[in-house]
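Trainee: okay, here's the prediction I keep looking at, along with the sequence it came from:
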8 protein chains.
Amino acid sequence: MTPSELTTLLTRVAAGTLAPADAERALLGTLRDAPFENLGFARVDHHRAFRQGFPEVILGLGKTPGQIATIAAGIVARGSTLLVTRASADAFDAVKRVVPDAQFHPDARIIAFKQQDVSPGKGQILVIAAGTSDLPVAEEACRTAELMGNDVERLYDVGVAGLHRLLGERHRLEQARVIIVVAGMEGALPSVVAGLVAVPVIAVPTSIGYGASFGGIAALLGMLTSCASGVSVVNIDNGFGAANIASLINHL
Amino acid sequence: MTPSELTTLLTRVAAGTLAPADAERALLGTLRDAPFENLGFARVDHHRAFRQGFPEVILGLGKTPGQIATIAAGIVARGSTLLVTRASADAFDAVKRVVPDAQFHPDARIIAFKQQDVSPGKGQILVIAAGTSDLPVAEEACRTAELMGNDVERLYDVGVAGLHRLLGERHRLEQARVIIVVAGMEGALPSVVAGLVAVPVIAVPTSIGYGASFGGIAALLGMLTSCASGVSVVNIDNGFGAANIASLINHL
Amino acid sequence: MTPSELTTLLTRVAAGTLAPADAERALLGTLRDAPFENLGFARVDHHRAFRQGFPEVILGLGKTPGQIATIAAGIVARGSTLLVTRASADAFDAVKRVVPDAQFHPDARIIAFKQQDVSPGKGQILVIAAGTSDLPVAEEACRTAELMGNDVERLYDVGVAGLHRLLGERHRLEQARVIIVVAGMEGALPSVVAGLVAVPVIAVPTSIGYGASFGGIAALLGMLTSCASGVSVVNIDNGFGAANIASLINHL
Amino acid sequence: MTPSELTTLLTRVAAGTLAPADAERALLGTLRDAPFENLGFARVDHHRAFRQGFPEVILGLGKTPGQIATIAAGIVARGSTLLVTRASADAFDAVKRVVPDAQFHPDARIIAFKQQDVSPGKGQILVIAAGTSDLPVAEEACRTAELMGNDVERLYDVGVAGLHRLLGERHRLEQARVIIVVAGMEGALPSVVAGLVAVPVIAVPTSIGYGASFGGIAALLGMLTSCASGVSVVNIDNGFGAANIASLINHL
Amino acid sequence: MTPSELTTLLTRVAAGTLAPADAERALLGTLRDAPFENLGFARVDHHRAFRQGFPEVILGLGKTPGQIATIAAGIVARGSTLLVTRASADAFDAVKRVVPDAQFHPDARIIAFKQQDVSPGKGQILVIAAGTSDLPVAEEACRTAELMGNDVERLYDVGVAGLHRLLGERHRLEQARVIIVVAGMEGALPSVVAGLVAVPVIAVPTSIGYGASFGGIAALLGMLTSCASGVSVVNIDNGFGAANIASLINHL
Amino acid sequence: MTPSELTTLLTRVAAGTLAPADAERALLGTLRDAPFENLGFARVDHHRAFRQGFPEVILGLGKTPGQIATIAAGIVARGSTLLVTRASADAFDAVKRVVPDAQFHPDARIIAFKQQDVSPGKGQILVIAAGTSDLPVAEEACRTAELMGNDVERLYDVGVAGLHRLLGERHRLEQARVIIVVAGMEGALPSVVAGLVAVPVIAVPTSIGYGASFGGIAALLGMLTSCASGVSVVNIDNGFGAANIASLINHL
Amino acid sequence: MTPSELTTLLTRVAAGTLAPADAERALLGTLRDAPFENLGFARVDHHRAFRQGFPEVILGLGKTPGQIATIAAGIVARGSTLLVTRASADAFDAVKRVVPDAQFHPDARIIAFKQQDVSPGKGQILVIAAGTSDLPVAEEACRTAELMGNDVERLYDVGVAGLHRLLGERHRLEQARVIIVVAGMEGALPSVVAGLVAVPVIAVPTSIGYGASFGGIAALLGMLTSCASGVSVVNIDNGFGAANIASLINHL
Amino acid sequence: MTPSELTTLLTRVAAGTLAPADAERALLGTLRDAPFENLGFARVDHHRAFRQGFPEVILGLGKTPGQIATIAAGIVARGSTLLVTRASADAFDAVKRVVPDAQFHPDARIIAFKQQDVSPGKGQILVIAAGTSDLPVAEEACRTAELMGNDVERLYDVGVAGLHRLLGERHRLEQARVIIVVAGMEGALPSVVAGLVAVPVIAVPTSIGYGASFGGIAALLGMLTSCASGVSVVNIDNGFGAANIASLINHL
């Protein structure tokens, strides 16, 4: 029941053209289900507001190209901006058949098709990556943040083993409103960065490394136990999630 | 907004004593929040139906005796049956001051005070324990199930290392409608029991053991990977949870 | 030795046509082995009763197509209903050669051939899946439960990140006698569902996710430590096991 | 060397009252160490800007009461606001001897003494706790955020097993600029909350639970693998860290 | 039903003093339960044969002194040898009240009272311990093996960091029929020993160590992955178990 | 230096044909290295005695076919029996080129070529496997034990979920001198077997299973924490190791 | 700003040819960035001194052949020695196109091209490997150490299961200045070696093994908990890292 | 048999006063046992050379005060320097009774009594600690290194969250010959330090931290996966081990 349907109903009761008992029955049904039945219909719009135009981001991982294409087509048909993360070339082939203008960013494993304007974020999001192997995750963060209307800066290959590389770019750290730090192996970079700035740092552990890095566990634990305050953490390799949070903060 | 309040509102609109716009505003508020605002008040009753008379079981673990006593007093004041699990003697001392008739079952680490009749379960719940060290968890299950209106049988110290002890009691297995199996160490007993019966088996790993039992992990993994079908598992040492599920099944 | 064989034997002893010593020898042998030698022969029938017609469900995982086909042929030859879980297309090719009428459900990774009528369950089993990637496991549960004689409902893609999707279908939750909840990632859905209903909830963690989901461990731990009572858990991706338990409960 | 000291130095060189060689020696020392030697002295001020007046928050865990008191005295002597987390009553006794006006919040395990005004945050920080056992961590977050100049709201005991409790307070969720969600056991609450709002959610797993909660691992993994976007995570029981990040965001 | 009871029954049927139908009923009951109902009574004797006189060894861990004393009294009353492992001084106090002649070996954490002669093992069991901190576990093995009738030799403090200590005693290794090797930390000793002898080596990891020894996990994994063949492993700190197996082997 | 070389040397010193100083130099060298330099040459023979004719069993895992073939040729050239475990078909192709009479047992993943007679073991080794997926490991154990001169019996597919299958073969358990039990999933079978016999049970966890079996960890932990005494454990999937120990025991 | 630039600046201020305000601006900039801006330019040279000619060793793992080739070309263009670890044949193909004289050592998975002389180390580095499967890691260590100017000795296949193999080469152990010990499975070899020598032992766990070796965890834990002092550990399979440290020590 | 005993023996054979057969028998015995029987007696001296005067360092952990005192008395009686690590005040009380001049360093948990001069190390060992809670481990390292004859410098409380603290002391890093870095929580400090110097860095993870630091695992993994080369790692909290290695290096 939409607000306008409610207006009509109550007007009819007041006009005597709808018996109170009948109105009551209709409203009781709505009460029992509401606001979810209605939100079901309003779901897309509502979430669109939540997510600045990304009501349904598709996590490509674990879905077939066909499944991805079908969902993508539905999103695009509603006029929404399309964003598929963890997308393979095969998935892109399938999506392109139904969304010919979709674009593939293989370095970020992202398929995107921008249809809606988004409100611009208030400041800059700086995405820092410790090493070159961390770039796919960093790029996923960058592309996502850009699609969400943010001004994004990249600062790559500034791992803690060569501090001067990071310290030499310190002025860039100070210009950011939110910083995303992507690092594998021991994941120490977010601690160092957070010690240098006064803005929120979102740490993304990556699965880069071998042996005792255990697919990102070493980096994850290191980031969670950071001795620097101001660091919060997302899942291993979750560049999208970090960008989403950074964008939320940047739009506050 | 209760159903009777709704009736009144609509009657007034129909009578012209309430403007449609005012009614609309009230209803819109209700629509936005409902059914939870109302359910907030109805929470106890609703859950009581869910849980067969146990709207608020108190997990004693991690609460101070004072906190437990305060919540207990509230439950008892509403006429509900009281059940505190993982209760210490100190907690009981505190509870007794506010609920003088409460009883303590130290073997089950349970404080209870029955105030309401519960519908009787349809069959028997058999609680099997592998070893004598598993008894606190087994007794927690037994006492809980009894309070929830079930006919409970006990079969203790029938671990798989001496199969004849279990097989000699096979007829008792066949009389149960639901079976709870409590075991630590390697946790093999549920597999054996489930291979002998055609009723649901709820497995409770216990933290009993040492070394590679890792506080119940060995038993937990053993039960989850049981080669026998018909076994589902609850948390380590969660005798209460097993009894709750068994009671739900026994009341179907 | 079957009951009728025993009758014959004792009648012959009484008639004097069998010497007590000879009868003793035969019975001693039986006693030593019984009831297992006999149950060995009766195994199929006995288990058939246990499992409502599924004496030997074949777990396809870790078996060659040839092994699967051989066992399948044996089961079908005895007139039993065939069920192979975790079946590949290759396995189906092999089975079809020996059981031409067998059917493959690739969405559920199941090969099935129904030969026997099963007693119908008493109520409805509702299978809920959190996301579309969880469907193979959910479908394994659905197909299994259907073959076991249950009325099965599906409710998919209602993960906790968009609660309204679940709450909008709340009336369907209330119609079920048993609920299976299939979820990967953080595995929070069973807790939410169990808080809304008063029937047993069987939680199935899936290996869906990445990073800190550790192949289903995050979901598994989440389900085991559920703050909602009424939840029991089966192994990661074990849709079959959940359905089997649900069917046992639904046939009580 | 502060900027004003530099001005003086160069003015004196220009005036001929300081020999270039002497100026050089002083500056070389500064250059070699700078900006760190100077920052060493300026550390407090610098960090004060970073942390909104909390240059040196003391983590009480693993320090003796004597160590805590000595550091606390130093901080207070410099006119800074004192904040000690994970503080015991013994630590408070020691601190009170040197900082008589310090206050102890045992529910938050915090010792505090406010000496400086902080800039007020722009919106409200809402701290949500799943259960009553999570309160020490939630209160650590609340007290910290308040000391850092934020308007803090509390919403406690709204775990996912009884969704209506949370949904009934939905309007409060919508008023927050940042939300901290504190939860133990399966840690599902942040996923549900993040699905309802469009602001950053900072999840704090707690060590509350038993068995398979493994001291907070279950909650931690659940939060990291949240299917809802917008959730970032801090260390187990790290209420301070969450509040610090929330305050950074709230002051942007 | 014992063999002699069966003889009587069949004789009576043959004699016409027992109707075949009555005999059938009795035998059917026996068939259904046998041999376990009878074995229930015969349990002690049967296991005594299995275990060479140790039908019921009491694991003291997780039992109260009272429970231990009650079980101990029962065992001694039947004329059996008493063995309690992981026994505390409190447990001994309780046992002594009911079994005044019981002896306590605090170095082995064992309470024992020998009442039965056991058959002597065929050779020597050598118990090797890597360090002095491993002695409680090594002594548990020694005392157990001695009570089980074995000739036991001790070789202590011969860890792999000082190989000459072990190699200097090489002739003693060659005299053993079975070797138990007790080691904590990296648990490398069994590999070295097994490379020097041609007899079975039973490895007992101990919980001795700190940090990455993780309560015995490092030693356990090291022993399981031993590059030397001939090594089998028991649970962490399970000196009793190792001795039991060694005794079984030594009595073959 | 062999014993006969020593005789010669000392005789020459006594005869005055070798100066004491020269003899001293030669002996000092021998003393410094001995007995290892000499054992280096004698290694094969010595180990052959240790291992009953298997001085160098080749673990195929992690070696290239070429490496395996080279080592195999060396072993065969010395007249020793060849045994390669974890061998692939490719490895066999390579071995066959240099050892044309070598045989491949793909069910056991073993390449073998018997050249030497071994002393027969004293009794029977019974190899029990829980399920058909465990057969490769069980067959590795059987083939190894047979090559080492043991009488081997097989008892397969007797998992604990259908106890009658095992109990019906109980007489076969009683005929064995050593029992190897191979099981994946929850690994409960060794506990049950060890409760039925009085001989050493060597448990082999297999990596069979999925989800919470974690590649054999569940079975491994279950076997290590077995409530039955008499069970020792080898590495996951280590059929060879179990057979080696069983053979050592059987030859005592 | 170099020291000589500073001298000039101050002289000019003293001479009145540079206004204090201008000097201040220049110095403030230097103060803010120094010494990192300058170190940025000096990065290569500086690190070259640090690493004895290996300013940028490329970890091939996780980089595409194209990425590796591009970085390699840059390094070679600067006249530096090229070292790529964890290199595949594909990577070598790509590198050879831009560095035609590069050499591939497939046994060590290393691509190298020596352009610079390095100072020779002071003693010998001995690389010991426990088994033939450990050779790729051992060879990575050897090749790296050789490129860094060290005299390297190899001692392979001397695992602890056959101690005489190691002890027979004891004199070689005594000639080394640093020892690298590479071992998988239980990783016991470093403990034994460190007990025999008085030089630093660097232990490299390898991922060789199966089952409970858990991809090198067993070896890693064993080495970390070594009862022998003098052992430090690097990451699993990190032959390069061990050689780098050994070379640093050997050049002290 | 010592070299001089050998000379005597051979001289007597040459003189005819010892029959070759008798000499042979004596030498054969020596050959069989040597060099270990003799080394058994020479153990202390031999190890003293290995360890620069610390033949028997006592790990106090897991030993009773009485055991520690007895071993300490033996060491001191032989004129050796005494070093007990992980010593409690109780242990010191016991040691003082037998070694009245022994000293206790509670900050380092060390009991020491220097009796022997040790050769001085060649350079300086710098011990860096990240936080004040790491001091017990850092002091254990310092005191050990000092007793072993090294010049030790301390640099404490320079964690990566405030980089300027470390960078401001950079000149001290450059003066060290070996650096020990002690850090808990995320353990990032060794990576940063190793990136600034060209000497070996020995990393000591500490158990300092909470939650996801898991008793030092986070720091341990971080150090093992350090992106900086030149870092090797010892066990969690093993300050002694780090100092021992550093001293070995410093004495090369």
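Mentor: Done, it's in. Small disclaimer: the values here were computed from a predicted structure and weren't measured. Numbers count the residues shown, from 1 in each chain, chains lettered A, B, ... in the order given.

Trainee: next SSE downstream of the worst-scoring helix or strand of chain A on mean pLDDT?
Mentor: Ranked by mean pLDDT, DSSP states H and E, the helix or strand of chain A with the weakest confidence is helix A:36-51, at a mean of 32. Sequence order places strand A:58-59 as the next helix or strand after helix A:36-51, per DSSP states H and E.

Trainee: run the chain-centre distance for that next one.
Mentor: On the basis of CA atoms, centre = their mean, to the nearest Å, strand A:58-59 sits 10 Å off its chain's mean C-alpha point.

Trainee: does the next helix or strand after it come close to chain D?
Mentor: Sequence order places helix A:65-77 as the next helix or strand after strand A:58-59, per DSSP H and E. No - judged by CB under 8 Å from any CB of the partner chain, helix A:65-77 stays clear of chain D, getting no closer than 15.5 Å. Every residue, glycine included, has its C-beta placed from N, CA and C.

Trainee: parallel or antiparallel, list what pairs with the helix or strand just after helix A:65-77.
Mentor: Per DSSP H and E, the first helix or strand lying C-terminal to helix A:65-77 is strand A:82-85. Strand A:82-85 has the following strand partners under DSSP bridges: strand A:58-59 (parallel), strand A:110-113 (antiparallel).

Trainee: could you measure from the residue of the stretch 1-150 of chain A found nearest chain F over to chain E?
Mentor: Relative to chain F, the nearest point of the stretch 1-150 of chain A is residue A:62 (16.2 Å; CB to the nearest CB). Using CB to the nearest CB, to the nearest Å, residue A:62 is found at 32 Å from chain E.

Trainee: which residue ranges form the strands in chain A?
Mentor: Under the criterion DSSP state E, strands of chain A are mapped to A:58-59, A:82-85, A:103-105, A:110-113, A:124-129, A:151-156, A:178-183, A:201-205, A:231-233.

Trainee: so where do the helices sit in the stretch 151-252 of chain A?
Mentor: Secondary structure of the stretch 151-252 of chain A, counting by DSSP state H, counting those that start in this stretch: helices at A:163-167, A:170-174, A:189-194, A:217-224, A:239-250.

Trainee: any idea which of those helices gets closest to chain E?
Mentor: helix A:217-224 (13.9 Å).

Trainee: hmm, who's touching that closest one?
Mentor: Applying CB atoms under 8 Å, 6 or more residues apart in numbering or on different chains, the contact partners of helix A:217-224 are A:183-188, A:190-191, A:203, A:205-206, A:208-209, A:212-213, A:231, A:233, A:236, C:211-212, D:220, D:224, D:233-236, H:186-188, H:211-214, H:217-218, H:221-222, H:224-225.

Trainee: export it as PDB, just CAs?
Mentor: Taking C-alpha atoms only, helix A:217-224 is exported to PDB below (Å, rounded to 0.1, in the frame of the first residue of the first chain):
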ATOM      1  CA  ILE A 217      45.500 -14.400   7.200                       C
ATOM      2  CA  ALA A 218      48.800 -12.800   8.300                       C
ATOM      3  CA  ALA A 219      47.800  -9.500   6.700                       C
ATOM      4  CA  LEU A 220      44.300  -9.700   8.200                       C
ATOM      5  CA  LEU A 221      45.600 -10.400  11.700                       C
ATOM      6  CA  GLY A 222      48.200  -7.700  11.400                       C
ATOM      7  CA  MET A 223      45.600  -5.100  10.400                       C
ATOM      8  CA  LEU A 224      43.200  -6.100  13.100                       C
END
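
Trainee: that helix: how far from the chain's middle?
Mentor: 21 Å.

Trainee: with stretch A:130-141 instead?
Mentor: That offset, for stretch A:130-141, works out to 16 Å (CA atoms, centre = their mean).

Trainee: same check on stretch A:146-157?
Mentor: With CA atoms, centre = their mean, you get 13 Å for stretch A:146-157.

Trainee: can you give me the buried ones in that stretch?
Mentor: A:146, A:147, A:148, A:149, A:150, A:151, A:152, A:153, A:155, A:156 (16 or more other CB atoms under 10 Å in any protein chain shown).

Trainee: end to end on it, go ahead and measure it.
Mentor: Distance between the two ends of stretch A:146-157: 21 Å, counting by CA to CA, to the nearest Å.

Trainee: tell me the average confidence for that stretch?
Mentor: The pLDDT scores in stretch A:146-157 average 93.

Trainee: ok, it near chain D or not?
Mentor: No - using CB under 8 Å from any CB, stretch A:146-157 stays clear of chain D, coming no nearer than 10.7 Å.

Trainee: give me the residues contacting that stretch.
Mentor: A:51-54, A:81, A:83, A:112, A:114, A:117-121, A:123-132, A:134-135, A:138, A:142, A:145, A:165, A:169, A:172-173, A:175-176, A:243-244, A:246-247, A:250-251.

Trainee: now, of those residues, which are buried?
Mentor: A:51-54, A:81, A:83, A:112, A:114, A:118, A:121, A:123-132, A:134-135, A:138, A:142, A:145, A:165, A:169, A:172-173, A:176, A:243-244, A:246-247, A:250-251.

Trainee: for the spatially closest residue to residue A:250 that is not a sequence neighbour, give me its contacts.
Mentor: The shortest distance from residue A:250 to any non-neighbouring residue, by CB to CB, 6 or more residues apart in numbering or on different chains, is to residue A:121 (3.5 Å). Residue A:121 makes contacts with A:148, A:149, A:150, A:151, A:177, A:247, A:250, A:251, as judged by CB under 8 Å, 6+ apart.

Trainee: show me where pLDDT drops low in chain A?
Mentor: Applying pLDDT under 70 to chain A flags the ranges A:1-6, A:25, A:27-55.
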